[in-house]
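# turn this into a structure:
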Amino acid sequence: MILADTRHQLTRDDAQLAARILARDSGDELAVLEARLADEGIDAILDDPRLPAALLRHPRGAHASLPMFAYVMVRQALRRAGENDRAIADYVSSIVIHFGFSDRAYRISGSDDELYDAIVAICKDLDDPDARRSFLVRTHLGNYALWLAGLFPDHIEQRHWRRGGPDMEYYDEMGRRGFQLAADHRLAEQHGLTELYASAAARFVTLRTALNAVSDALFFPNVNTPERLMRQVRDESRWLFSN
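Residues are numbered from 1 along each chain as shown. Below is the predicted model of the structure:
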């Protein structure tokens, strides 16, 4: 089960590295930043909006741990999208990290033998008679939809326009459905995850567009297609009208 624990994996070394990089990039005195760390905790540095650019510009940013880099990039993208819940940032960055290894994105857990390579295949097992497996399938539906639509939106748009594949709204709806079904499952309450999954369902589009921003800027920065432009304009318009 993927947990919202990325931020809690960070160490004192992560905090010190972030403070040093931020000091060298911004011109702030290291002693001032270290004092903020001591007084306010690591969030004082992780939430600094200058940190993502500093990590990318400074050579020592290459030494940042994967959990720190992923959390900072996801956290700041979510904040720019209007989502300030640290637990959500913890969870979304955890999905990004876990699904980046091997074939984890296609399994409901690391120990499950069945591979799912499509949303429709996951949906067939939502009501698995095994309660634990049903719960994991539901969470995986939300996780997989968010991961795929969040980090590979250009792939989805191109398949939709060129091959008639599902559009982005389909993934948004399936992601919301997966997280809401997970929130409604009795095991969510047992594990203290009801509120997290319900929040992910209610804010799915915001989470997805935040990951789109990370993908567009970091993973596929040189893509300039009509499909990307249309997606960005559509999502920006949706954000403006919702606020």
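# where do the helices sit along this protein?
12-26, 30-40, 43-46, 51-57, 66-80, 86-99, 119-123, 131-151, 153-163, 168-184, 186-190, 194-202, 204-214, 226-242 (DSSP state H).
# go through the third one and flag the buried ones.
Counting neighbours by 16 or more other CB atoms under 10 Å, one finds that the buried residues in helix 43-46 are 44-46. (Each C-beta comes from the backbone N, C-alpha and C, glycine too.)
# what's the nearest residue to the residue nearest to the spatial centre of the chain if we skip its chain neighbours?
Closest residue to the average C-alpha location of the chain: V92 at 3.0 Å, with CA atoms, centre = their mean. For V92, ignoring the flanking residues on the chain, the nearest one in space by CB to CB, 6 or more residues apart in numbering is V74 at 5.2 Å.
# roughly how far apart are that neighbour and D128?
Applying CB to CB, to the nearest Å, the value for V74 to D128 is 30 Å.
# more neighbours, the two?
Each of V74 and D128 has its neighbours counted (other CB atoms under 10 Å); V74 has more, 28 against 15.
# what's near enough to touch the more buried one?
If you count contacts by CB atoms under 8 Å, 6 or more residues apart in numbering, V74 has them with 89, 92-93, 96, 210-211, 214.
# mind running it again at 7 Å?
Residues near V74 by CB atoms under 7 Å, 6 or more residues apart in numbering: 89, 92-93, 96, 214.
# repeat for R231
If you count contacts by CB under 7 Å, 6+ apart, R231 has them with 153, 157, 168.
# the least confident helix or strand in the chain by mean pLDDT vs helix 204-214, what angle?
When the helices and strands of the chain are scored by mean pLDDT, DSSP states H and E, helix 226-242 comes last with a mean of 76. In terms of direction (axes from the mean of the first three to the mean of the last three CA atoms, to 10 degrees), helix 226-242 departs from helix 204-214 by 130 degrees.
# then helix 226-242 to PDB, C-alphas only?
The C-alpha trace of helix 226-242 is given here as PDB (Å, rounded to 0.1, in the frame of the first residue of the first chain):
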ATOM      1  CA  PRO A 226      -1.300  21.800 -30.400                       C
ATOM      2  CA  GLU A 227      -2.600  19.100 -28.100                       C
ATOM      3  CA  ARG A 228      -0.400  20.400 -25.200                       C
ATOM      4  CA  LEU A 229      -1.400  23.900 -25.800                       C
ATOM      5  CA  MET A 230      -5.100  23.000 -25.900                       C
ATOM      6  CA  ARG A 231      -4.700  21.000 -22.600                       C
ATOM      7  CA  GLN A 232      -2.900  23.900 -20.900                       C
ATOM      8  CA  VAL A 233      -5.500  26.500 -22.000                       C
ATOM      9  CA  ARG A 234      -8.400  24.200 -21.100                       C
ATOM     10  CA  ASP A 235      -7.000  23.500 -17.600                       C
ATOM     11  CA  GLU A 236      -6.100  27.100 -17.000                       C
ATOM     12  CA  SER A 237      -9.600  28.200 -17.900                       C
ATOM     13  CA  ARG A 238     -11.100  25.600 -15.600                       C
ATOM     14  CA  TRP A 239      -8.900  26.800 -12.800                       C
ATOM     15  CA  LEU A 240      -9.900  30.500 -13.400                       C
ATOM     16  CA  PHE A 241     -13.600  29.700 -13.400                       C
ATOM     17  CA  SER A 242     -13.300  27.500 -10.300                       C
END
